[in-house]
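Trainee: Quick one, what's the 3D model for this:
(4 chains)
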There are 2 protein chains.
Amino acid sequence: MNTPQTERISEAEHAVMEALWADAPLTAAQVADRIGETRGWSLATVKTLLSRLSQKGAVDTAPDGRRFLYSPVVARSEYVGTESRRLVDRLFGGRASSLFAHLAEAEALDDKDLSEIEALLQELRK
Amino acid sequence: MNTPQTERISEAEHAVMEALWADAPLTAAQVADRIGETRGWSLATVKTLLSRLSQKGAVDTAPDGRRFLYSPVVARSEYVGTESRRLVDRLFGGRASSLFAHLAEAEALDDKDLSEIEALLQELRK
DNA sequence: TCGGATCGCTTACAACTGTAATCGCAACCC
DNA sequence: GGGTTGCGATTACAGTTGTAAGCGATCCGA
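Mentor: Here you go, the predicted model:
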């Protein structure tokens, strides 16, 4: 049983996780190549974030010569799940339908969204 | 047009906002009464949070004798909107339907949720 | 083999957060 | 009117986050 991710992943750390979820394992330099550019981070910053994630047990390190290869430990779906639930709990009293209602009302849903959701509903209701 | 809420509201501050959204205006002591208990905060802590919110322009203060009455400036729906969008953007590439799909898959939607969403869809599709 | 490039690790440091104690002043009570 | 109480404002202080520089070890190319 792996530790159930007690430590919270910060926003900057999350960007690093995204890189690893997209493609792993990666070296620190590779991660920096993929995200440092868009975020404007130096290699040093990426390294710090990787260390912190490593301490938190969110990524795994495998020695490869003198460097490390980093891989995610926490699955993306797991992270996304806890974060979504946090939001739903905090802002919508735990009711996912309220979140949906809000998005609908805020016109944050376009036709494509609606169609997809409709399809999913069909699926779920079968 | 009111200022578009640049300053971010932290989680502890959000709890205070909830109290004010539920019932406003309130004095600091009243806010503390309503939330200090469940959150285990002292009056001093609530006062600090109110000051910070005031600085950020998220609450408004009206003098009432020797004390202040606090009221929310930012509307709850506005806050909820920006926070929801943040999450959708960050975790689902801006596609709300992906969030929905995730919730569905994670079985975070019960029958009641599904029915409500179905009803909302009907409404939207009219 | 030696110098530069590259690693991870350690340290830095300011901003933001959570949590509060303290202070000075205004007001209310007797 | 002098003590007490209740207020907002100021100050405190540790932990987290964002952002990075520096250090000592190691590897690679010349």
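Trainee: Any residues of chain A in contact with DNA strand D? List them.
Mentor: A:8, A:10-13, A:39-42, A:44-45, A:47-49, A:65-66 (C-beta under 7 Å from any atom of the strand). Every residue, glycine included, has its C-beta placed from N, CA and C.
Trainee: Neighbour-wise, give me the winner out of the residues you listed.
Mentor: Within these, most neighbours by other C-beta atoms under 10 Å in any protein chain shown means residue A:49, with 24 neighbours.
Trainee: May I have the phi/psi pair for that residue?
Mentor: Main-chain dihedrals, residue A:49, degrees, to the nearest 10: phi -60, psi -40.
Trainee: How much space separates the nearest residue to it once chain neighbours are set aside from residue B:99?
Mentor: Closest residue in space to residue A:49, ignoring its immediate chain neighbours: residue A:16 at 4.7 Å, by C-beta to C-beta, 6 or more residues apart in numbering or on different chains. Separation of residue A:16 from residue B:99 (C-beta to C-beta, to the nearest Å): 22 Å.
Trainee: quick one: which of the two has more around it?
Mentor: The neighbour comparison of residue A:16 against residue B:99 (other C-beta under 10 Å) goes to residue A:16, with 31 against 26.
Trainee: what sits against the more buried one?
Mentor: Applying C-beta atoms under 8 Å, 6 or more residues apart in numbering or on different chains to residue A:16 gives the contacts A:31, A:35, A:46, A:49-50, A:53.
Trainee: Which element, helix or strand, includes it?
Mentor: Assigned by DSSP states H and E, residue A:16 belongs to helix A:11-22.
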